[in-house]
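K.L.:
task: produce atomic coordinates for the following.
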Amino acid sequence: MTAKPWQPPRSLAWLQALMQPHLALDWPLAEWERVVRLSRRLRMLARLAERIDAAGIIDRVPPQARRHLVAEQRLSRWRTGSMIWVLERVATTLGEGSYPLVLLKGSAYIGQDLAIAAGRLPSDVDILVPQAHLAEALTQLKQAGWREPELDEHDRRYYYEWSHEVPPMTHPLYGMELDLHHNILPPVARIRVDADALLQRLRPSKWEAWQVLDPVDQVLHSAAHLFFDSEARDRIRDLVDLDGLLRHFADEPDFWARLPARAHTLGLTEPLALAVHYTQRWFGTPIPGDVVAQVASLGPGRLRRAWLLPLMDLILTPGEPDAKPALAQGLAANVLLIRYHWGRMPLRLLIPHLWHKMRAGAANGNTGATRPDKA
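P.N.:
You can find the predicted model right below:
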């Protein structure tokens, strides 16, 4: 699965400013209007603001655009501060030392001060505990005021038997949802990840109470989160995360040597192959040629690539701010949704689950996707 460097769709060319912020100074006001609207929809406006601010040129941005950048930057920093405060409270609730507390995704990036942490807009906190301690953690959180949503018997069974996380929890004092995981993929999925293997390679974060996954596992989790999800539309920010992770961890000892091997061990070769393909093609991510070749040999075969890559191209490419959603993109989304369900649960569970969600949606006056988990 080879790719020529830096061939982004036209709607993503502005992302070059994340690596070369001075390029934004050449944008006419009409382009600034387009970029502000598009990047806000993609949850990338604060990231752009942080990069331009770090380059010391935010005062040279046209004032009509600068006020949007500054406002989104302030919102991002406030929400990040709120997330950190929640993590401090959760760590106190769960205690320290009896079992590992692991940050996932955006929480982990912030907990390591990665470049991709700047400009995030966190609305939830993702953490992982060993499954053996899941009941203990739940009891502690509920005693501290965290609550699960009201669920029917089917949905409770979905979360507690078929999912890799418990129902999302909320707290009356905190404006963030807490997603408590015991794995990164469901235990009934066609691809099953050994959570114990992840826990054996943890690293400390900048906060004493919290740890993070090994760098290789962080990349693989990010790739699986994007390419195995039910909805990849407008998810360019996840590809930007993958590009940032690969660039940041590239200097880690044996990182490139361990990445394909670890993907093979955990069964995550397809999402890694897709991540390598798109980050190199759309962002020019510097990946060694031998790694590209090895990942391609482990990833999906020619026939699968023939239909999967065009669908991913369609769904990952964002539409222009005023453009109506393309029919082809909607069809691609439906095909990839089928792929998602096919991989997430065996048919003996999937068919009753979809039937239940369809009936529940009809009873609520809609037939759209609802948790769990966005089915």
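
K.L.:
for Ala65, which non-adjacent residue is spatially closest?
P.N.:
Trp32 (4.0 Å; CB to CB, 6 or more residues apart in numbering). For every residue, glycine as well, the C-beta is placed using N, CA and C.

K.L.:
can you tell me how far the one you found is from Ile184?
P.N.:
38 Å (CB to CB, to the nearest Å).

K.L.:
now do the contacts for the residue nearest to Ala65.
P.N.:
Residues counted as contacts of Trp32 (CB atoms under 8 Å, 6 or more residues apart in numbering) are Val61, Pro62, Gln64, Ala65.

K.L.:
work out for me the element it sits within.
P.N.:
Using DSSP states H and E, Trp32 sits within helix 29-41.

K.L.:
now for the helix or strand following that helix, which elements pack on it?
P.N.:
The first helix or strand that comes after helix 29-41 along the chain, using DSSP H and E, is helix 45-54. Contacts defined by 3 or more CB pairs under 8 Å, 6 or more residues apart in numbering; DSSP states H and E place helix 45-54 against helix 29-41, helix 63-94.

K.L.:
got TSV for the ones you listed, with mean pLDDT too?
P.N.:
Listed next are the helices and strands packed on helix 45-54 as TSV, based on pLDDT from 0 to 100:
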stretch	mean pLDDT
helix 29-41	96
helix 63-94	97
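
K.L.:
hmm, back to that, of the contacts of Trp32, grab the buried ones for PyMOL.
P.N.:
The PyMOL selection below is limited to those of those classed as buried (16 or more other CB atoms under 10 Å):
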select buried, resi 61+65
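
K.L.:
identify the farthest-apart pair in the contacts of Trp32.
P.N.:
Val61 and Gln64 (9.0 Å; CB to CB).

K.L.:
what sits up against stretch 195-211?
P.N.:
Counting by CB under 8 Å, 6+ apart, 87-88, 91, 96, 100-103, 108, 111-113, 127-128, 130-131, 182-184, 212-215, 217, 265-266 sit against stretch 195-211.

K.L.:
drop anything exposed from those residues.
P.N.:
For the contacts of stretch 195-211, buried by 16+ other CB under 10 Å: 87, 91, 101-103, 108, 111-112, 127-128, 130, 182-184, 212-215, 217, 266.

K.L.:
among those residues, name the ones in helices.
P.N.:
Secondary structure from DSSP state H places Leu87, Ala91, Ala108, Gly111, Pro215, Asp217, Leu266 of the buried ones among the contacts of stretch 195-211 in helices.

K.L.:
in terms of pLDDT, where does Gln7 sit?
P.N.:
Per-residue confidence (pLDDT) for Gln7: 63.

K.L.:
ignoring the adjacent residues along the chain, who's closest to His68?
P.N.:
Nearest one to His68, counting by CB to CB, 6+ apart, is Val36 at 4.9 Å.

K.L.:
re the thing from before, make a markdown table out of the helices and strands packed on helix 45-54 and add distance to His248.
P.N.:
Conversion of the helices and strands packed on helix 45-54 to a markdown table gives the following (distance: least, CB to CB, whole Å):
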| stretch | distance to His248 |
| --- | --- |
| helix 29-41 | 22 |
| helix 63-94 | 18 |
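
K.L.:
do you know which of those helices lies nearest Leu141?
P.N.:
helix 63-94 (6.1 Å).

K.L.:
could you list the low-pLDDT ranges of the protein?
P.N.:
Scanning the chain for pLDDT under 70 picks out 1-8, 97, 361-375.

K.L.:
now with 50, please.
P.N.:
The chain contains residues with pLDDT under 50 at 2-3, 367-369, 375.

K.L.:
quick one: the strands in it?
P.N.:
102-103, 124-128, 169-171, 174-181, 203-204, 211-212 (DSSP state E).

K.L.:
please work out which of those strands is packed deepest.
P.N.:
strand 102-103 (a mean of 24; mean count of other CB atoms under 10 Å).

K.L.:
quick one: list the elements packing against it.
P.N.:
So strand 102-103, by 3+ CB pairs under 8 Å, 6+ apart, packs with strand 124-128, strand 211-212.

K.L.:
among those strands, which is nearest Pro28?
P.N.:
It is, among the helices and strands packed on strand 102-103 and with distance given as CB to CB, strand 124-128, at 37.2 Å.

K.L.:
how about residues contacting that closest one?
P.N.:
Residues contacting strand 124-128 (CB under 8 Å, 6+ apart): 83, 86-87, 90, 101-107, 168, 176-184, 195, 198, 210.
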